[in-house]
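S.K.: mind looking at a prediction? Sequence and model below.
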Amino acid sequence: MEYNNADTIDMSPIPSGSGNVLEKWQELVLFKLYPGYNKIMGPYSVKGSNGRLILTMYNSHLPAIDKRRNRTCVYARAVAESYLGEIIPQSTTVDHIDRNFFNNSPENLALLDRATHT
């Protein structure tokens, strides 16, 4: 399939995989880690994301033109942060052990230093 716009949301069904539904307790942990955000959309697939699932958090208290209103992240990172209960530094990447980007179960995610991860 040819992709022309890297920011277009692909609304096709997400392939089945473990951990592809964010549970309520995980949402609550993310809201605690990122104060001000009060709505989560996803996971969804975005063209140009190399098959990774994306999650977007919204702060509906900010005006629509404010760039801080939305926070988009890779879904695997959100899953890992919810289980750890802390924000993962940008110098750390969340790796899928089995190389299946749709398998976001915590047992399949590993934290690696971005500088040494290939």
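M.R.: That came in fine, so what should we check first?
S.K.: so what's residue 52 up against?
M.R.: 74, 75, 76, 101 (Cβ atoms under 8 Å, 6 or more residues apart in numbering). (Each C-beta comes from the backbone N, C-alpha and C, glycine too.)
S.K.: where along this protein do the helices fall?
M.R.: 24-33, 75-84 (DSSP state H).
S.K.: mind putting these into CSV with mean neighbour count and distance to residue 62?
M.R.: Below are the helices of the chain laid out as CSV (neighbours: other Cβ atoms under 10 Å; distance: least, Cβ to Cβ, whole Å):
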stretch, mean neighbour count, distance to residue 62
helix 24-33, 14, 15
helix 75-84, 21, 20
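S.K.: would you turn the ones you listed into a markdown table with mean pLDDT?
M.R.: Listed next are these as a markdown table, based on pLDDT from 0 to 100:
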| stretch | mean pLDDT |
| --- | --- |
| helix 24-33 | 94 |
| helix 75-84 | 95 |
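S.K.: for these, which one sits closest to residue 68?
M.R.: helix 24-33 (15.3 Å; Cβ to Cβ).
S.K.: roughly how far does the residue nearest the centre of the chain sit from residue 66?
M.R.: Residue closest to the mean C-alpha point of the chain, counted by Cα atoms, centre = their mean, is residue 75 at 2.0 Å. Using Cβ to Cβ, to the nearest Å, we find residue 75 at a distance of 24 Å from residue 66.
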